[in-house]
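J.: from the sequence below, what's the structure:
(2 chains)
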Amino acid sequence: EPEVTQTPSHQVTQMGQEVILRCVPISNHLYFYWYRQILGQKVEFLVSFYNNEISEKSEIFDDQFSVERPDGSNFTLKIRSTKLEDSAMYFCASSLDRDHGYTFGSGTRLTVV
Amino acid sequence: GIQVEQSPPDLILQEGANSTLRCNFSDSVNNLQWFHQNPWGQLINLFYIPSGTKQNGRLSATTVATERYSLLYISSSQTTDSGVYFCAVGDYNQGGKLIFGQGTELSVKP
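T.: Here you go, the predicted structure:
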């Protein structure tokens, strides 16, 4: 079964550093998403991406965050200057279209120290 | 926005028991999915079920969209079923993002 692949699985970074989280969505999917889950809390929507542009973003997704699809396969989330409160599990997801469910990746656990 | 409530918040079962998890949502949706988050944090897609009934082995789910709820049934539970079960809903006419419930934490004891 096709998978959404995320790398790295775990990243530790110093506060103030930039991080890039990488995702390879399922190859024929058209809609891409980032979600995050702070430890012990529910999963929260960050941003959706379609047709090479952001289609929706939450209030969490401020100027410190950006997304990019630099080529035909990768989808990245960049956090410019990490804060302690950015520590969370970050999930990438993709979907074929609006009549199919989302497939989530295994997540990247980001720890900011 | 759409509100999602899951019940119960916690559930402890003996291996072999059956259980029903409930998801209520506050508005009409055209996407509903059930996920299992395993102890390693991975979100495993169980069902895409905006309406109707589906079965996959010991798991089945039913969504009654007109009454705004969905049920996940786990039969003959196993210790590997432990983890958190999330319901997530969305409306494509309002952007399509999934709104997650708080989850039901299931613990199956041997």
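
J.: return the residues in contact with the residue in chain A positioned nearest to chain B.
T.: Residue of chain A nearest chain B, by Cβ to the nearest Cβ: A:Gly101 (3.1 Å). Placement of C-beta: from N, CA and C, glycine included. By Cβ atoms under 8 Å, 6 or more residues apart in numbering or on different chains, the residues touching A:Gly101 are A:Ser95, B:Asn31, B:Gln33, B:Asn45, B:Tyr48.

J.: the same query, at a cut-off of 10 Å, please.
T.: For A:Gly101, the contacting residues are A:93, A:95, B:31-35, B:45-50, B:88, B:90, B:98, by Cβ atoms under 10 Å, 6 or more residues apart in numbering or on different chains.

J.: for B:Leu71, give its distance to B:Leu11.
T.: Counting by Cβ to Cβ, to the nearest Å, the gap from B:Leu71 to B:Leu11 is 14 Å.

J.: which residues do these two both contact?
T.: Shared contacts of B:Leu71 and B:Leu11 (Cβ under 10 Å, 6+ apart): B:Thr20, B:Leu21.

J.: what residues does chain B put near chain A?
T.: Residues of chain B found near chain A (Cβ under 10 Å from any Cβ of the partner chain) are B:4, B:6, B:30-35, B:37-38, B:40-50, B:84, B:86, B:88, B:90, B:92-103.

J.: the nearest residue to B:Val29 once chain neighbours are set aside pairs with what?
T.: Spatially, and ignoring its direct neighbours in sequence, B:Val29 is nearest to B:Val89 (4.3 Å; Cβ to Cβ, 6 or more residues apart in numbering or on different chains). In this entry, B:Val89 is beta-bridged to B:Leu32, B:Ile99, by DSSP bridges.

J.: tell me which element the residue of chain A most remote from its centre falls in.
T.: Distance from the C-alpha centroid of chain A peaks at A:Asp99, with 21.7 Å (Cα atoms, centre = their mean). Using DSSP states H and E, A:Asp99 sits in no helix or strand.

J.: who touches it in this structure?
T.: By Cβ under 10 Å, 6+ apart, A:Asp99 lies in contact with B:Asn30, B:Asn31, B:Tyr48, B:Pro50, B:Tyr92.

J.: alright, I will stop here.
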